[in-house]
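> Generate coordinates for the sequence data below:
(one chain, ligands or ions: 2)
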Amino acid sequence: MKTNFQTLPLSNDMIQNLDNIGYTQMTPVQSETLPLILQGKDVIAQAKTGSGKTAAFGIGLLNKLQVKKFRVQALVLCPTRELADQVAKELRNIAKFAHNIKILTLCGGAAFGPQLGSLRHGAHIIVGTPGRILKHLNKETLSLENLETLVLDEADRMLDMGFIEEIDKVLEYAPSERQTLLFSATYTNEITFISDRIQRDAISVKTASTEVANKIQEIFYESSEHNKINTLVNIFSTFKPENIIVFTNTKIVAKELAENLAKNKIDALAIHGDLEQYERNDVLVQFSNKSCPVLIATDVAARGLDIKELSMVVNYDVPHTEETYTHRIGRTGRAGAEGIAITLYNEEEIEDVMEYKNDTRVFEGAESLKKVNGFEMKPQNVTLVIEGGKKDKLRAGDLLGALTGDVGLKGSSIGKIDIYDRQAYVAIERELIDEAHKKLSNSKIKNKKFSVWVL
Ligand code: ADP
Ligand code: MG
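Numbering: from 1, shown residues only. Ligands and ions are numbered 1, 2, ... in the order given. Coordinates of the predicted model:
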C-alpha cells in the first residue's frame, strides 16, 4: 500500500499544506480509504481511535470543495460537541491550503441565536450534532440543497446514543445524489444496517490493526466450593477487568452470587428467568452503559444478549457441554485486545474439566491469584432515568441538550443514552450523578418537566 500523499490525485496546494502541518505519510486508514474517497465512492471505514480518520474524510471533502461557491457542500455529523469541536479544528488545519474556507460548528448545548448569525454569513462546511442540525433544517436556517458530501463520524457512538431518528430526519433534507462516508471505531450489525439505508454501493474498509481475530486467554482455576466467591473476587483484583459476564448454571446461584458479591463491595446485577421484562431491561441498560461492571447470567437469560467487547467471561459453574463453553467465552475478546475466559471448578468436577485440556488452556490453583485487601469494584457511570420517552417525542439530542446546557455537564461525562417508549436512560459519570439528578429534576426538557430518578 502506498503511503505517500503525493501518490494521490490531490492538488499541489493540498499536498504542500499537509506537509506544512506535518503530515508526510498516510496512516493505514488514510491509505486504504483515500483512493476510494477521492473517486467519489461511498465508504464505510472502521479503524481504531487515533488512527487519523478525521483527515481521511477531511482531505476527501476538502479536495472537492468549490471554494468560490459559497454554499454548504459538506456536513459532518458527530455524537458530541467536544468531538465536533475536535473535528472542526482538524478540518481547519487541513483547509489552510486555500483562503476563506468557512467551517461552522452547530451543536446542542450552545445558544441558538449566534448560530443563526453565523449561518446568515454562510459556510462551506458544517460540523455538528444531529439534534441541533435538525433544528436548523426544520427552521430553514440551514439548507443542504448543495450538499456534496455527508459524513457520519463515530457512527457507532451516535447509534449507541440513540441518534438514529435524528440522522434519518436530517437525511430527508439531503440530496440523494451525494457521497456518504461512514466512520466508526467498531463494526457492528447496526452499522451495516444504517449503511444499507443511507449509502450507495458502499465499500467497506477495515484497517489491518483491527482485523486481528479475537484472542481469548483461557484459564481454569480449581477452587473448593465454599471458597468460590473469594476466588472470584481475587480473579477480579488480579486481572482488573472492566466489564464481566459471570455465567452460572442455575438462577438460584445467579441470585445468591449477586447478593454475595455486593457484600464484598463488588457491584453486580443478575439476570435470570424470574425477572419481569422491565427489571431485565433495567439490568441490561445498566450493564451496557457502564453503570454496573459485573453481570451474572444463566445461559437461558443470556440468550440473545447483544453485548460485545467484554473484557472477561467467567464460568462460575462448569458448563454442561463444551458447546455451551464455546458459546459463553465467545463473548469476550475485543478487537485487537485480548479477552479473558475463566472457568472455576471444584474437586468433584476435575474429571469433567480434564476434557477441556489442550495446548493453549492454562490450569492453575486459585492460590496463584492476587489478594487485595479492601478490593472494590465500582461502576464508571450511574444511570439516570427520565420518565419520558419516544411517546413524549423525547430524543437523545433533547436530553443531551438539557444536560450540557442547563445542567452544565460536559459531553464527555455523558455516556450511552437509551430511549424507550415511555422512559429514557442516560449514563452519567458516577461522581457527577447527584448534581446531575438535582439539576435535571429542577429544569425542563423541551419546555416540560419530567420526573427523574437514579437507578
Ligand atoms: P481518529 O478520528 O481516527 O480517532 P484523529 O483523526 O483524531 O483520529 O487523528 C489522530 C491524530 O493523528 C491527530 O492528532 C491528527 O492530527 C494526527 N494525524 C492524522 N493523520 C496524520 C498523518 N497522516 N500524519 C501525521 N499525523 C496525523
Ligand atoms: Mg475521530
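
> For the rest of this, base every contact and every neighbour count on C-alpha atoms.
Noted.

> Pull the contacting residues for Gly128.
For Gly128, the contact set (CA atoms under 8 Å, 6 or more residues apart in numbering) comprises 75-78, 80-81, 84, 105-107.

> The same query, at a cut-off of 10 Å, please.
Contacts for Gly128 (CA atoms under 10 Å, 6 or more residues apart in numbering) come out as 75-85, 87-88, 104-108, 134.

> Just the pLDDT for it.
pLDDT, Gly128: 97.

> how far away is the most centrally placed residue in the chain from ligand 1?
Nearest to the mean C-alpha position of the chain, by CA atoms, centre = their mean, lies Arg157 at 3.9 Å. In this structure, Arg157 and ligand 1 are 12 Å apart, going by CA to the nearest ligand atom, to the nearest Å.

> so that residue makes contact with Gly415?
Yes. Taking CA atoms under 10 Å as the definition, Arg157 is a contact partner of Gly415 at 9.4 Å.

> Which residue is the nearest non-sequential neighbour of the residue nearest to the centre of the chain?
The shortest distance from Arg157 to any non-neighbouring residue, by CA to CA, 6 or more residues apart in numbering, is to Pro79 (6.4 Å).

> so that neighbour sits in a strand?
No. With DSSP: H, G, I helix; E, B strand; the rest coil as the criterion, Pro79 is coil rather than part of a strand.

> what number of residues lie near it?
Around Pro79 there are 27 other residues, counting by other CA atoms under 10 Å.

> re earlier: backbone dihedrals for the residue nearest to the centre of the chain, both of them.
Note on Arg157: its backbone torsions stand at phi -70, psi -40 [degrees, to the nearest 10].

> ok, it - contacts?
78-80, 163, 184-186, 415-417.

> repeat for Ala258
If you count contacts by CA under 10 Å, 6+ apart, then Ala258 has 246, 264, 266-271, 294-297 around it.

> ditto for Asp13
Asp13 touches 19, 96-98, counting by CA under 10 Å, 6+ apart.

> what's the helix or strand for it?
Assessed by DSSP states H and E, Asp13 sits inside helix 12-20.

> Centre of the chain to that helix, how far?
Helix 12-20 has its C-alpha centroid displaced from the chain centroid by 33 Å (CA atoms, centre = their mean, to the nearest Å).

> Any residues of the stretch 51-200 of the chain in contact with ligand 1? List them.
Neighbours of ligand 1 within the stretch 51-200 of the chain, by CA under 6 Å from any ligand atom: 51-55.

> First-to-last residue distance for stretch 60-68?
Terminal residues of stretch 60-68 are spaced 18 Å apart (CA to CA, to the nearest Å).

> Equivalent analysis for stretch 137-155, please.
One end of stretch 137-155 to the other measures 20 Å (CA to CA).

> Pull the distance from it to the chain's centre.
23 Å.

> Can you mark which positions in stretch 119-128 are buried?
Neighbour-count burial for stretch 119-128 flags 119, 122-128 (criterion: 16 or more other CA atoms under 10 Å).

> now do stretch 276-287
Buried residues in stretch 276-287, counted by 16+ other CA under 10 Å: 280, 282-287.

> out of these, which are inside helices?
280, 282-287 (DSSP state H).

> Using CSV, lay out those residues together with distance to Ile59 and pLDDT.
CSV is the format used below for those (distance: CA to CA, whole Å; pLDDT from 0 to 100):
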residue, distance to Ile59, pLDDT
Arg280, 46, 85
Asp282, 43, 92
Val283, 43, 93
Leu284, 40, 90
Val285, 38, 93
Gln286, 39, 95
Phe287, 38, 94
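
> Looking at those, spot the one nearest Thr207.
Closest approach to Thr207 among these (CA to CA): Phe287, at 29.0 Å.

> Hmm, the closest one is touching Leu305, no?
No. Contact criterion CA under 10 Å: Phe287 and Leu305 do not qualify, at 11.2 Å.

> coming back round to it: which other helices and strands does the helix or strand that comes right after the helix holding Asp13 contact?
On the C-terminal side of helix 12-20, the closest following helix or strand by DSSP H and E is helix 28-38. Applying 3 or more CA pairs under 10 Å, 6 or more residues apart in numbering; DSSP states H and E, one finds that helix 28-38 contacts strand 43-46, helix 53-63, strand 179-184, strand 203-206, helix 208-211.

> Return the member of the ones in helices among the buried residues of stretch 276-287 nearest to Ser237.
Checking those against Ser237 with CA to CA, the nearest one is Phe287 at 19.3 Å.

> neighbours around Asn346, how many?
Asn346, neighbours per other CA under 10 Å, totals 17.

> what's the answer for Asn63, then?
Around Asn63 there are 18 other residues, counting by other CA under 10 Å.

> So Asn315 versus ligand 1, what's the distance?
35 Å.

> Spatially, what comes nearest to that residue if we skip its sequence neighbours?
Per CA to CA, 6+ apart, closest to Asn315 is Thr343, 4.5 Å.

> and that neighbour, what is it in contact with?
Taking CA under 10 Å, 6+ apart, one finds 218-222, 232, 246-247, 313-319, 325, 329, 353, 363 in contact with Thr343.

> I'd like to know which of the buried residues of stretch 119-128 are part of strands.
Among the buried residues of stretch 119-128, the ones falling in strands (DSSP state E) are 125-128.

> tell me which of those residues is nearest to ligand 1?
Val127 (14.0 Å; CA to the nearest ligand atom).

> the domain parsing of the chain - what is it?
With automatic domain parsing as the criterion, the domains of the chain are listed as 5-210, 215-368, 381-454.

> Stretch 343-350 - what's its average pLDDT?
Rounded mean pLDDT across stretch 343-350 is 93.

> Figure out how far that stretch is from the centre of its chain.
Offset of stretch 343-350 from its chain centre (CA atoms, centre = their mean): 37 Å.

> One more: stretch 31-48?
Centroid displacement of stretch 31-48 relative to its chain, using CA atoms, centre = their mean, is 21 Å.

> Equivalent analysis for stretch 350-358, please.
Distance, stretch centre to chain centre, for stretch 350-358: 37 Å (CA atoms, centre = their mean).

> Straight-line length of that stretch, end to end?
End-to-end distance (CA to CA), stretch 350-358: 15 Å.
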